[in-house]
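Colleague: Need coordinates for the following:
(one chain, ligands or ions: 1)
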Amino acid sequence: MSKPPILLMGHFYQPKLDELEKLYECHRLWAAADPEALFASLADRCQIVVTAGGRGIKADEMDRLPNLKLIASFGVGVDAIDLEHARKLGIAVSNTPDVLTEDVADMALALMLGTIRRIPQGDRFVRDGRWLAGGMPVTHSLQKRRVGIVGLGRIGRAIAKRCAAFNTEIGYFGPNRKSDTDYRYFSDIVQMGEWADVMIAACPGGPATFRVVSRAALEALGPDGVFVNIARGSVVDQEAMIELLAGGGLGAAGLDVFDDEPNVPQALIALDNVVLHPHQGSATYTTRAAMGQLVIDNVGAFVQGHELPTRVV
Ligand code: NAP
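Modeller: Here you go, the predicted model:
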């Protein structure tokens, strides 16, 4: 039996990509000398696209594959996929939830602690030999502080669980109050900013959450406030954030995600009160392997005519 063709739109975890390539007739878009010719050659026979969370797939790309039936994405965030268009065309979309939750929550905590206790700055202090001239200045404490989480979903809850172990009070902002938790609910993000010492963004990206962490929310967090983002760059007003961090209106930030990755503005790189990380929330061997396996499982289920294990649309 011939192997079903797959158009690979975004690179993902190599060992799992290798497995997928053994099972199917895979075509790497990023390696194609002529991407247009590749689309044209697959147009009347390709039913499956595999993409990566950050790459997604645009409406016009779906249109160029009239037989497309499945978009299997490596990542939980589907903000780079035009879901409305997929729905309209009857194309199923799958993602990789749950398996990455704990590692991404760990990253949020690492960034929170690293930012408040100035871990990278301490590392530079030792390496630069500045310790020899005297001790590093003291830092703020996380103890007994208030953490406000933007989006109490799978990752948000895992963050909250960890924060509780650090003796913090926990609040959250999101569209729906959760009946199964005592964490303090805010229907207004600015009010949560006034209440919180630390704000952690853990909501999806896309138009519905664009700039939900507004200038006003960051101003409310204030000069001693800390903002952590493991969600998407689009959820925060990046320009306002940089301006406030530089001018003392916001204390510090720990960021795994940015607008227009991998281009991080020089104005952000120049600041000493930020900890920057290159979108590595889920980037561990075990989690990336589990994510890759879910992609393979979703493709396999589609080919065999079964229910998709993790269907979004
Ligand atoms: P999830 O379980 O679907 O949780 C998303 C949460 O966001 C839900 O609680 C939802 O509220 C809330 N939300 C929706 N709209 C909102 C809004 N306008 N304002 C505030 N909160 C809103 O998703 P998840 O698995 O936790 O993943 C969350 C996101 O993390 C992903 O979409 C992705 O963008 C990001 N992520 C980043 C990395 C990384 O490497 N940095 C890795 C994985 C995921 P309701 O429950 O009330 O609907």
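Colleague: And the residue of the stretch 1-150 of the chain that's closest to the ligand?
Modeller: Minimum separation of the stretch 1-150 of the chain from the ligand (C-beta to the nearest ligand atom) falls at residue 77, amounting to 3.2 Å. The C-beta positions use only the backbone N, C-alpha and C, and glycine is treated the same way.
Colleague: Please report how far the closest residue to that residue other than its chain neighbours lies from residue 11.
Modeller: In this structure, residue 77 finds its nearest non-sequential neighbour in residue 53, 5.0 Å apart by C-beta to C-beta, 6 or more residues apart in numbering. For residue 53, the distance to residue 11 under the criterion C-beta to C-beta, to the nearest Å works out to 12 Å.
Colleague: So between the two, which is more surrounded?
Modeller: Here residue 53 and residue 11 are compared on neighbour count by other C-beta atoms under 10 Å; more neighbours surround residue 53, at 24 against 15.
Colleague: Residue 72 is in contact with the more buried one, correct?
Modeller: No. Using C-beta atoms under 8 Å, residue 53 is not in contact with residue 72; the gap is 11.5 Å.
Colleague: Residue 269: neighbour count?
Modeller: 9.
Colleague: Leaving out the residues flanking it, which one is nearest to it?
Modeller: When the adjacent residues along the chain are set aside, residue 269 lies closest to residue 276, with 7.1 Å between them (C-beta to C-beta, 6+ apart).
Colleague: In stretch 287-297, which residues are buried?
Modeller: 287-288, 290-292, 294-297 (16 or more other C-beta atoms under 10 Å).
Colleague: Quick one: those residues as a markdown table, columns for secondary structure, distance to residue 191 and pLDDT too.
Modeller: Below are these laid out as a markdown table (DSSP: H, G, I helix; E, B strand; the rest coil; distance: C-beta to C-beta, whole Å; pLDDT from 0 to 100):
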| residue | secondary structure | distance to residue 191 | pLDDT |
| --- | --- | --- | --- |
| 287 | helix | 34 | 98 |
| 288 | helix | 38 | 98 |
| 290 | helix | 37 | 98 |
| 291 | helix | 36 | 98 |
| 292 | helix | 41 | 98 |
| 294 | helix | 37 | 98 |
| 295 | helix | 40 | 98 |
| 296 | helix | 44 | 98 |
| 297 | helix | 42 | 99 |
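Colleague: any chance of those residues in a markdown table, plus distance to residue 28?
Modeller: Supplementary listing: those in a markdown table, determined by distance: C-beta to C-beta, whole Å:
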| residue | distance to residue 28 |
| --- | --- |
| 287 | 23 |
| 288 | 18 |
| 290 | 22 |
| 291 | 18 |
| 292 | 15 |
| 294 | 20 |
| 295 | 15 |
| 296 | 16 |
| 297 | 21 |
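Colleague: contacting residues around residue 210?
Modeller: With contacts defined as C-beta atoms under 8 Å, 6 or more residues apart in numbering, the neighbours of residue 210 are 234-235.
Colleague: what's the spacing between it and residue 311?
Modeller: Counting by C-beta to C-beta, the gap from residue 210 to residue 311 is 25 Å.
Colleague: same check, this time on residue 245
Modeller: According to C-beta to C-beta, residue 245 stands 40 Å off from residue 311.
Colleague: Same check on residue 34?
Modeller: When distances are taken as C-beta to C-beta, residue 34 and residue 311 turn out to be 33 Å apart.
Colleague: What of residue 5?
Modeller: Following C-beta to C-beta, the distance that separates residue 5 from residue 311 is 21 Å.
Colleague: Next, count neighbours for residue 123.
Modeller: Applying other C-beta under 10 Å, we find 11 residues neighbouring residue 123.
Colleague: Can you pull the phi and psi angles for it?
Modeller: Recorded main-chain torsions at residue 123 are phi -60, psi -50, according to degrees, to the nearest 10.
Colleague: Measure how buried residue 92 is and give me the count.
Modeller: Should you count by other C-beta under 10 Å, residue 92 turns out to have 19 residues around it.
Colleague: what about the residue lying closest to it once chain neighbours are set aside, how many neighbours?
Modeller: For residue 92, the nearest residue in space outside its immediate sequence neighbours is residue 70; the separation is 5.1 Å by C-beta to C-beta, 6+ apart. The local packing of residue 70 (other C-beta under 10 Å) involves 21 other residues.
Colleague: returning to what we had before: would JSON lines of the buried residues of stretch 287-297 with distance to the ligand be doable?
Modeller: As requested, those are exported to JSON lines (distance: C-beta to the nearest ligand atom, whole Å):
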{"residue": "287", "distance to the ligand": "9"}
{"residue": "288", "distance to the ligand": "11"}
{"residue": "290", "distance to the ligand": "12"}
{"residue": "291", "distance to the ligand": "9"}
{"residue": "292", "distance to the ligand": "14"}
{"residue": "294", "distance to the ligand": "13"}
{"residue": "295", "distance to the ligand": "14"}
{"residue": "296", "distance to the ligand": "19"}
{"residue": "297", "distance to the ligand": "17"}
